[in-house]
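Chemist: here is the input, now give the coordinates:
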Amino acid sequence: MFTKLLIANRGEIACRIIKTAKSMGVRTIALYSDADKDARHVAMADESFYLGGSAPADSYLKADVIIDIAKKAGAGAIHPGYGFLSENADFARKCEQNGIAFVGPGSEAIDAMGSKSAAKEIMGKANVPLVPGYHGDDQSDDNLVHQAKLIGFPLLIKAAYGGGGKGMRIVENESEILAAVKSARREATSSFGNDKLLMERYLRQPRHVEVQVFADTHGNVIYLSDRDCSIQRRHQKVVEEAPAPGLSDALRVQMGQAAVAAAKAIDYVGAGTVEFLLDTDNSFYFMEMNTRLQVEHPVTEMVTGQDLVKWQLMVASGDELPLTQQEVRIHGHSFEVRIYAEDPQNDFLPASGKLNFLREPEQNQHVRIDSGIRENDVISNFYDPMIAKLIVWDESRPRALQRLVHALESYQISGLRHNIEFLANIAEHPAFAAADFSTDFIERYGDALIGSASSEAQTALALAGLYQVLSRKQAAKALAINSQDPHSPWGQMSGFRLNSNSIHHVALLCDETPETKDGEQPLHNLLLVAQADGYQLTVINPYTLDEQVLNLSGELRDDVLLAEINGHKSKIPVSHQGDEFTLFLSSGSYHFKAVLAQVAEEQVSSVDKLKAPMNGTVVTHLVDVGASVTAGQGLLVMEAMKMEYTIESPFDGTVTAFYFQSGELVTDGAQLLEVEPLAVDIVNANNKEA
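Modeler: Residues are numbered from 1 along each chain as shown. Got it, this is the predicted structure:
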């Protein structure tokens with residue numbers, strides 16, 4: 001076993017690898033960019049080295065620099081994690097040439113599976129079932145359009161050298177082919193540096209089932225558990241579980257044996273995942289093989305009781321696999337969900353910024369959290385916005401699912417948008433509980449999963465009013481104690497009125513409450529009238545709450561609001577930062593900003609649709625200056641964290657200016673372009689002529 005291991009990665013997976021390496025007595029070496037100089041994985045490692053700028057091309061993709069650091073530090077092996085250089089055959093080859101063990105398969109195996117088209121040819125020869133499609137080298141527009149027509153619709157276009165949904169498009173008819181090819185090619189080039197595409201028939205309602213394989217240098221190849229990864233958004237996995245529900249024992253064996261055959265066909269070594277599409281008639285088709293450790297590997301660890309990173313390090317050292325196929329045992333059921341900094345209410349745009357408040361569920365034999373993020377860390381727009389992986393286990397699927405729901409309820413984050421409530425809605429959906437799903441699950445139930453303003457949001461608004469009054473009084477009391485006259489009535493914040501009940505006026509902005517009919521986010525004006533045992537809530541804005549009388553009372557204890565509404569008592573954790581605060585209710589978190597009551601009747605304008613909705617890079621202009629455009633027409637393509645987003649025209653008009661060119665970085669809220677609205681008199685004149 002080598003004594004020093006360099007981890008050529010960052011974040012959650014780097015922390016995961018360091019943990020296992022330390023348990024084996026292996027010293028660890030971390031790498032970091034400008035954005036990661038204070039990151040958790042750097043603090044955990046025994047030593048660390050600076051790579052360069054924050055962009056991956058300036059840091060974690062600098063293969064030669066990483067090799068030089070490994071040699072300088074005396075590392076006997078490099079673990080690439082996943083992403084970045086993990087499936088880069090040239091990098092694996094350079095490790096081999098420099099006498100450094102690459103914790104993964106050999107460069108030839110990565111080459112063989114690196115191209116999805118070449119991989120399918122190899123799998124076909126190994127009698128692994130394939131979906132009909134085109135995987136050839138003729139990548140001209142004319143040929144791809146021709147092949148698409150031969151395959152038929154619906155059609156799936158994919159980047160041949162990619163994954164994670166990047167460079168992937170679904171085409172429903174002939175008119176969409178060429179535009180989809182160009183868009184997929186552009187994204188493939190940006191994400192993987194290779195624009196080769198493949199096409200295959202798109203299965204409408206398949207399940208995504210994958211099999212974990214492991215091979216050593218002594219000729220042993222086995223499969224561990226299968227996993228279901230059908231809950232996906234934009235072809236990126238959201239929820240994973242092991243074992244895959246509803247499969248017969250015979251089908252599990254067939255898929256496992258097919259996965260082993262795939263690994264043997266390329267003389268595979270190390271951890272790998274063979275991904276299949278499982279159709280409704282239980283026929284399955286090879287999709288791709290990932291020549292690395294998968295993000296979702298913890299669910300396999302939970303049901304097998306094995307540490308797969310430990311297995312990787314053992315195999316890389318030349319050891320045999322710890323188990324034979326006959327010795328593999330599957331026990332219980334496990335789920336994994338990915339906690340992301342993203343906005344489900346705004347098309348899942350990635351969020352960046354400071355994570356002001358973080359409280360994770362308690363970890364034990366049933367709950368595991370893999371994360372590279374700590375409270376007050378910054379989620380950068382340079383990398384994937386994953387905050388953590390939440391993994392749960394129990395004896396059966398229903399019990400494990402109950403664990404997942406409870407853990408999500410206990411997860412508390414504020415400071416940026418996140419997807420916890422979205423994940424909880426998936427976990428609690430009846431179809432998911434019944435394992436009645438396919439890869440279109442989120443698309444099919446999207447409205448229910450993403451959610452909207454609910455009665456719970458209205459309750460949150462009332463609780464926010466109560467919290468604001470109590471926190472004002474608490475702050476005033478603290479100031480009074482330290483003043484020259486602690487008992488002065490001017491320091492009590494009691495809302496005192498002569499011959500009348502005390503009144504507190506609270507004005508709040510809330511991210512989670514509905515917009516007005518004009519598309520504007522309203523200010524919520526609340527009057528809390530003091531009663532003998534609390535407050536009675538009165539609403540100024542007619543759209544703020546349903547017409548109902550709410551009697552409120554409560555107190556603050558540290559970071560918890562002990563509240564009572566109409567006789568219902570609850571404990572609400574609160575995170576407070578300046579004039580902003582977050583309430584953590586059972587249905588999710590609700591973020592508020594307190595504003596001065598004098599401006600409470602003003603309305604906050606809706607976000608200008610011609611401004612950048614996130615930090616990112618301008619990819620291309622879809623029209624020229626001077627072009628006449630219609631409402632909803634695409635004008636400009638942005639990219640953030642390898643995800644493309646199209647800026648559309650909010651109205652009919654003429655493009656008068658672009659403020660950023662292709663390749664330029666833009667910040668959230670920056671004005672991207674100008675569109676002059678079509679004049680009303682011109683519209684009327686055109687109507688008359690018609």
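Chemist: touching, residue 180 and residue 157? I think so.
Modeler: Yes: assessed by CB atoms under 8 Å, residue 180 is found in contact with residue 157 at 5.5 Å. For every residue, glycine as well, the C-beta is placed using N, CA and C.
Chemist: mutual contacts of the two, please.
Modeler: Taking CB atoms under 8 Å, 6 or more residues apart in numbering as the criterion, residue 180 and residue 157 both touch 169, 170, 171.
Chemist: more neighbours: residue 180 and residue 157, which one.
Modeler: residue 157 (26 against 21; other CB atoms under 10 Å).
Chemist: so what strands line up beside the strand or helix carrying that one?
Modeler: Using DSSP states H and E, residue 157 sits within strand 155-159. Strand pairing for strand 155-159, determined by DSSP bridges: strand 169-171 (antiparallel), strand 197-201 (antiparallel).
Chemist: residues in contact with the spatially closest residue to residue 258 that is not a sequence neighbour?
Modeler: Closest residue to residue 258 apart from its sequence neighbours, by CB to CB, 6 or more residues apart in numbering: residue 128 at 5.3 Å. Listed by CB under 8 Å, 6+ apart, the contact partners of residue 128 are 258, 261, 262, 265, 286.
Chemist: at 10 Å instead, please
Modeler: 119-120, 122, 257-259, 261-262, 265, 274, 276, 284-286, 289 (CB atoms under 10 Å, 6 or more residues apart in numbering).
Chemist: try residue 231
Modeler: So residue 231 contacts 207-208, 237-241, 335, 337, 423, 426-427, 429, 432, 437-439, 441-442, 449 (CB under 10 Å, 6+ apart).
Chemist: where does pLDDT dip in the stretch 351-500 of the chain?
Modeler: Scanning the stretch 351-500 of the chain for pLDDT under 70 picks out the ranges 451-455, 480-500.
Chemist: where do the strands sit along the stretch 451-600 of the chain?
Modeler: 503-510, 524-531, 534-539, 550-557, 560-565, 568-577, 580-585, 588-595 (DSSP state E, counting those that start in this stretch).
Chemist: what pairs with the first one, parallel or antiparallel?
Modeler: Partners of strand 503-510 in the sheet, by DSSP bridges, are strand 524-531 (antiparallel), strand 588-595 (antiparallel).
Chemist: strands along the stretch 151-300 of the chain, start to end?
Modeler: Using DSSP E, counting those that start in this stretch, strands in the stretch 151-300 of the chain cover 155-159, 169-171, 197-201, 207-215, 221-233, 236-242, 270-278, 284-290.
Chemist: using a markdown table, lay out those together with distance to residue 306 and mean pLDDT.
Modeler: Formatted as a markdown table, the strands of the stretch 151-300 of the chain follow (distance: least, CB to CB, whole Å; pLDDT from 0 to 100):
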| stretch | distance to residue 306 | mean pLDDT |
| --- | --- | --- |
| strand 155-159 | 32 | 93 |
| strand 169-171 | 37 | 94 |
| strand 197-201 | 34 | 91 |
| strand 207-215 | 9 | 97 |
| strand 221-233 | 7 | 96 |
| strand 236-242 | 12 | 95 |
| strand 270-278 | 11 | 96 |
| strand 284-290 | 18 | 93 |
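Chemist: distance to residue 21 for those - can I get that in TSV?
Modeler: Listed next are these as TSV, based on distance: least, CB to CB, whole Å:
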stretch	distance to residue 21
strand 155-159	32
strand 169-171	40
strand 197-201	37
strand 207-215	18
strand 221-233	21
strand 236-242	24
strand 270-278	15
strand 284-290	22
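Chemist: quick revisit: out of the strands paired with strand 503-510, which is closest to residue 192?
Modeler: Ranking those by proximity to residue 192 (CB to CB) places strand 588-595 first, at 35.4 Å.
Chemist: got the angle between that closest one and strand 568-577?
Modeler: For strand 588-595 against strand 568-577, the angle by axes from the mean of the first three to the mean of the last three CA atoms, to 10 degrees is 60 degrees.
Chemist: quick one: residues contacting the most centrally placed residue in the chain.
Modeler: In the chain, the centroid-proximal residue (CA atoms, centre = their mean) is residue 340; its distance is 3.6 Å. Applying CB under 10 Å, 6+ apart to residue 340 gives the contacts 233, 236, 238, 348, 350-351, 379, 384-388, 417-420, 422-423, 641.
Chemist: do that again at 7 Å, thanks
Modeler: By CB atoms under 7 Å, 6 or more residues apart in numbering, the contact list for residue 340 reads 385, 386, 387, 418, 419.
Chemist: now do the contacts for the residue lying closest to residue 654 once chain neighbours are set aside.
Modeler: Of all residues not flanking residue 654 in the chain, residue 676 sits nearest, at 4.9 Å (CB to CB, 6+ apart). Residue 676 makes contact with 653, 654, 656 under the criterion CB under 7 Å, 6+ apart.
Chemist: tell me which of the strands paired with strand 503-510 sits nearest to residue 48.
Modeler: For residue 48, the closest of those is strand 588-595, at 33.4 Å, according to CB to CB.
Chemist: after that closest one, which helix or strand is next? Please name it.
Modeler: Counting by DSSP H and E, what follows strand 588-595 is strand 616-621.
Chemist: list the helices and strands that following strand packs on?
Modeler: strand 634-640, strand 665-666 (3 or more CB pairs under 7 Å, 6 or more residues apart in numbering; DSSP states H and E).
Chemist: of all these, which lies closest to residue 404?
Modeler: strand 634-640 (28.6 Å).
Chemist: and the angle for that closest one with strand 616-621?
Modeler: Per the same axes, to 10 degrees, the angle that strand 634-640 makes with strand 616-621 is 140 degrees.
Chemist: can I get strand 634-640 in CSV, CA atoms only?
Modeler: C-alpha atoms of strand 634-640 as CSV (Å, rounded to 0.1, in the frame of the first residue of the first chain):
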residue,chain,number,x,y,z
GLY,A,634,-34.5,33.4,-27.5
LEU,A,635,-32.0,36.3,-27.6
LEU,A,636,-28.9,35.1,-25.8
VAL,A,637,-27.5,31.9,-24.2
MET,A,638,-25.7,32.0,-20.8
GLU,A,639,-23.9,29.2,-19.1
ALA,A,640,-23.3,28.6,-15.4
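Chemist: other residues contacting the helix or strand that comes right after that strand?
Modeler: Going down the chain from strand 634-640, the next helix or strand is strand 643-648, by DSSP H and E. Residues outside strand 643-648 that contact it (CB under 7 Å, 6+ apart) are 187, 349-350, 609-610, 613, 619, 632-638, 672.
Chemist: I'd like the average pLDDT over strand 643-648.
Modeler: Taken as a whole, strand 643-648 carries a mean pLDDT of 83.
Chemist: so how far is it from its chain's centroid?
Modeler: 17 Å (CA atoms, centre = their mean, to the nearest Å).
Chemist: quick one: that strand to strand 634-640, angle?
Modeler: Going by the same axes, to 10 degrees, strand 643-648 makes 150 degrees with strand 634-640.
Chemist: partners of strand 643-648, with directions?
Modeler: strand 634-640 (antiparallel).
Chemist: which residues touch the partner strand?
Modeler: Counting by CB under 7 Å, 6+ apart, 190, 350, 381, 612, 614-623, 629, 644-649, 655, 672-673 sit against strand 634-640.
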